[in-house]
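*Asks:* Everything below, folded, please.
(3 chains)
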Amino acid sequence: MLAEVFLVAQKDIRVERRAKIALGQVAPLALLILMVFAFALDANASLLERGAGGLYWLAVLYGGTLLIQRSFDLETDDGNMDALRMSGIGPSSLFLGKALALFVQITVLELILGPGIVLLYDVRVVDWALLIVAALAGTVAFSVCGVLWGVMSAGLRVRATLLPLLLVPVLAPVLLAGSRAFETALGVRSGAGWTWAGLMSVIAAVHTALGLGAFGFLLEEG
Amino acid sequence: MLGATDDEGTPMSEVATVIAGWGITFVVLATYSIWVVLRGKSIGQELGIGGIEQSDLGKDTSATADS
Amino acid sequence: MTAAAKSGAKMTATPITRVLGVSALAATAVMAVLGLVVSPPDVVQGEAVRMLYLHVPSIWIAYGGFALTSISSILFLWRSGRRADQGRHYDRLAGAAAEVGVVFTAITLITGMLWGKVTWGTYWQWDARLTTTVLLFVTYLGYLALRRLPAEPTVRSRRAAVMALISFINVPIVHFSVDWWRTLHQKASLSVGRRPEITGEMYWTLLYSALAVTVLATWLIIHRYRVIRLEELRDEEGLEALIASRLNKDVGSH
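*Replies:* Okay, here's the model as predicted:
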């Protein structure tokens, strides 16, 4: 099963590498968003510093949604997912494989955003361990939720607006927790950073389990 | 700082707010209820199912096609 | 005989729902009298407390409706095979309950904001309850949107059912997260926006309101369910007519 997972992930990543969407388009876009936040907040240094954690995750949400969308546009150009279904690969492996590929892409995005907020919002990392754990947990949560809800809206003409509508309420606690954890890790506020990171991990685990359970149903046709 | 105390609102505006709240609630519920019932009636007519308690077994309605 | 005629579907009114409907109407009228006139204003909150007779039962009913949606969806996913109608009964029930739930969630929000206007001085204060209610509202708006997708009915029903199932687990998580978040922030001022101690007449008024709203919601869900059923029948008939006309055209080629 592990081999299948990697197979699926590799396929997605290979397509991505050829198209260079993540690096070429989404990452610069996310960086642009960070700048636009500064315009919106009048480049108020103290506001930007205090809000850096939250703004980071907003940028991840924006870029991540685009990547999720793309991950499924590849599969379902005319409304069916036959390629996925006929491949003979089990639903669980499909789910994990796509989640893995997404995880890699979103991580690439975050590796650019991280330095972005340090540079643009003048923050310093005080607690690296917390930062990394929180980022990992959040990225896993984004990835599994992304695949789960991506498949839910896949192949439909309204998918571009439906996906965020379904995804954001689900990711709201991740955004909440991620922002709080980052604030602590960036020394902006002292607090229960690790507890928030713990919450993110729980959410990531729960949604992984949900995805494994539900993916089979979602891929079934008629 | 957090939250205002009640002496900011005069008794009149309190009552007005309560009436607004109950009023909006009743309007929303009434509108929704009426919409559901009317929609049921209209589709029912379209399908040629009429009246209360009609079980429709053995009835051959000729007006069947959607307009 | 048409599909509609064969199905034995009734118009949306039947003796049971007539009785239920009249009861709902009467109960609601009594609730209004109790809530607006008979029960006393609160010592601290004054007349604003009357909003809670609608606000609290509404969110209870909303939760109840969404729970019904989730349970029905679980049954749809697991028990469809055993049923003659391929589980469509469960699917319809899930949809009807969710829509009624959304209506009552909206009422919860509106009454909650108005209550806040009087009590806090502002319509919004990022209070845990209102915030989670907005997220709940949007979640199930999304569910209703999913139910209306241009996709094959079975695919659509299945996706909706999975979503309801996931939401059943996710909504408490969201609730907990937001609650904890706001608790951390309001450590200093726990007394702000606290719901009053409900005793005596207020208590009975609240309970009665919950009962009245439940009767109304039940009536609404039943009617909404039937409308969904009629809509399905209409779509089936449209399809039948289409096929029939095609067959008539292709005489001899079958």
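
*Asks:* which residues touch the nearest residue to residue A:171 once chain neighbours are set aside?
*Replies:* Leaving aside its sequence neighbours, residue A:171 sits nearest to residue A:145 (C-beta to C-beta, 6 or more residues apart in numbering or on different chains; 5.9 Å). Yep, even glycine has a C-beta here, placed from its N, CA and C like the rest. By C-beta atoms under 8 Å, 6 or more residues apart in numbering or on different chains, the residues touching residue A:145 are A:167, A:170-171, A:174, A:207.

*Asks:* among those residues, which are in helices?
*Replies:* Among the contacts of residue A:145, DSSP state H puts A:167, A:170-171, A:174, A:207 in helices.

*Asks:* residue ranges of the helices in the chain, please?
*Replies:* In the absence of a named chain, chain A is used. A:2-19, A:21, A:27-40, A:45-73, A:82-86, A:91-121, A:128-152, A:159-185, A:193-219.

*Asks:* wrong one, I was asking about chain C
*Replies:* Using DSSP H, helices in chain C cover C:3-7, C:15-33, C:49-79, C:88-119, C:128-147, C:153-185, C:200-249.

*Asks:* Now for whichever residue of the stretch 51-200 of chain C sits closest to chain A, how many residues are close by?
*Replies:* Evaluated by C-beta to the nearest C-beta, the stretch 51-200 of chain C has residue C:177 as its residue closest to chain A, separated by 3.6 Å. Residue C:177 has 25 neighbours, counted by other C-beta atoms under 10 Å in any protein chain shown.

*Asks:* Please apply the same query to the one 5 residues further on.
*Replies:* A count of neighbours around residue C:182, defined by other C-beta under 10 Å, yields 18.

*Asks:* For burial, what's the neighbour tally of the closest residue in space to it that isn't next to it in sequence?
*Replies:* Spatial nearest neighbour of residue C:182, excluding adjacent residues (C-beta to C-beta, 6+ apart): residue C:128 at 3.9 Å. Neighbour count for residue C:128, taken as other C-beta under 10 Å: 19.

*Asks:* and the residue nearest the centre of chain A, how far is that from residue C:152?
*Replies:* In chain A, the residue lying closest to the centroid (C-alpha atoms, centre = their mean) is residue A:142, at 3.6 Å. Separation of residue A:142 from residue C:152 (C-beta to C-beta, to the nearest Å) stands at 29 Å.

*Asks:* just residue C:230 next, same as before
*Replies:* On the measure of C-beta to C-beta, residue C:230 and residue C:152 end up 20 Å apart.

*Asks:* and what of residue A:132?
*Replies:* 44 Å.

*Asks:* One more: residue A:214?
*Replies:* For residue A:214 relative to residue C:152 (C-beta to C-beta), the value is 18 Å.

*Asks:* Settle it for me: which of those two has more neighbours?
*Replies:* Ranked by neighbour count (other C-beta under 10 Å), residue A:214 and residue C:152 place residue A:214 first, with 24 against 13.

*Asks:* For the residue nearest to that one when sequence neighbours are not counted, which residues are in contact?
*Replies:* Using C-beta to C-beta, 6+ apart and skipping residues adjacent in sequence, the residue nearest residue A:214 is residue C:162, 4.9 Å away. Counting by C-beta under 8 Å, 6+ apart, residue C:162 makes contact with A:152, A:214, A:217-218, C:73, C:77.

*Asks:* if you set the cut-off to 10 Å instead, what comes out?
*Replies:* Shown in contact with residue C:162 (C-beta atoms under 10 Å, 6 or more residues apart in numbering or on different chains): A:148, A:151-152, A:210, A:213-218, C:73, C:76-77, C:146.

*Asks:* Ok, residue A:50 next?
*Replies:* Here residue A:50 is in contact with A:44, A:121, A:123, A:183, A:186, A:188-189 (criterion: C-beta under 10 Å, 6+ apart).

*Asks:* okay, and for the chain, where does confidence drop off?
*Replies:* This is for chain A. Residue ranges of chain A with pLDDT under 70: A:21-22, A:75-86, A:155, A:221-222.

*Asks:* Chain B was what I was after
*Replies:* Using pLDDT under 70, chain B drops low at B:1-12, B:49-67.

*Asks:* can you list the contacts of residue A:50 in JSON lines and add distance to chain B?
*Replies:* JSON lines is the format used below for these (distance: C-beta to the nearest C-beta, whole Å):
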{"residue": "A:44", "distance to chain B": "21"}
{"residue": "A:121", "distance to chain B": "27"}
{"residue": "A:123", "distance to chain B": "28"}
{"residue": "A:183", "distance to chain B": "21"}
{"residue": "A:186", "distance to chain B": "26"}
{"residue": "A:188", "distance to chain B": "22"}
{"residue": "A:189", "distance to chain B": "19"}
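
*Asks:* Kindly reformat those residues as TSV containing neighbour count.
*Replies:* As requested, these are exported to TSV (neighbours: other C-beta atoms under 10 Å in any protein chain shown):
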residue	neighbour count
A:44	12
A:121	24
A:123	22
A:183	23
A:186	24
A:188	19
A:189	13
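
*Asks:* right, and out of the residues you listed, which lies closest to residue C:135?
*Replies:* residue A:183 (21.1 Å; C-beta to C-beta).

*Asks:* Apart from its chain neighbours, what residue comes closest to the closest one?
*Replies:* Residue A:183 sits nearest to residue A:53 (C-beta to C-beta, 6+ apart), 4.2 Å away.

*Asks:* Can you get me a residue count around the one you found?
*Replies:* 26.

*Asks:* Contacts only, for it.
*Replies:* A:117, A:121, A:123, A:131, A:134, A:178-186, A:188-189, A:193.

*Asks:* make it 8 Å
*Replies:* Counting by C-beta under 8 Å, 6+ apart, residue A:53 has contacts A:178-183, A:185-186, A:188.

*Asks:* anything in stretch C:233-252 near chain A?
*Replies:* No. Stretch C:233-252 does not reach chain A (C-beta under 8 Å from any C-beta of the partner chain); its nearest approach is 14.9 Å.

*Asks:* what ranges do the helices span in chain B?
*Replies:* B:11-47.

*Asks:* What residues does the stretch 51-200 of chain C have near chain B?
*Replies:* C:51, C:54, C:58, C:103, C:106-107, C:110-111, C:114-115, C:117-122, C:125, C:186, C:189, C:192-193.

*Asks:* Give the buried subset of those as a ChimeraX selection command.
*Replies:* The buried subset of those, as determined by 16 or more other C-beta atoms under 10 Å in any protein chain shown, is captured in ChimeraX by this line:
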select /C:51,54,58,103,106,107,110,111,114,115,117,118,119,120,125,186,193
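
*Asks:* mind checking pLDDT for the closest residue to residue C:123 other than its chain neighbours?
*Replies:* The shortest distance from residue C:123 to any residue other than its chain neighbours is 4.5 Å, reached at residue C:113 (C-beta to C-beta, 6+ apart). Looking at residue C:113, its pLDDT is 93.

*Asks:* Correct me if wrong: residue C:113 contacts residue C:131.
*Replies:* No. Residue C:113 lies out of contact with residue C:131 (C-beta atoms under 8 Å); the separation is 11.8 Å.

*Asks:* that older thread, tell me the one among the contacts of residue A:145 nearest to chain C.
*Replies:* When the contacts of residue A:145 are compared against chain C (criterion: C-beta to the nearest C-beta), the nearest one is residue A:170, at 5.8 Å.

*Asks:* Can you give me the neighbour number for that closest one?
*Replies:* 25.

*Asks:* Surely it touches residue C:173?
*Replies:* No. Counting by C-beta under 8 Å, residue A:170 stays clear of residue C:173, with 9.1 Å between them.

*Asks:* List the contacts of residue A:214.
*Replies:* Taking C-beta under 8 Å, 6+ apart, one finds A:148, C:162, C:165-166 in contact with residue A:214.

*Asks:* Which residue is the nearest non-sequential neighbour of residue A:15?
*Replies:* residue A:74 (6.1 Å).

*Asks:* how near is that neighbour to residue B:41?
*Replies:* Taking C-beta to C-beta, one finds residue A:74 at 47 Å from residue B:41.
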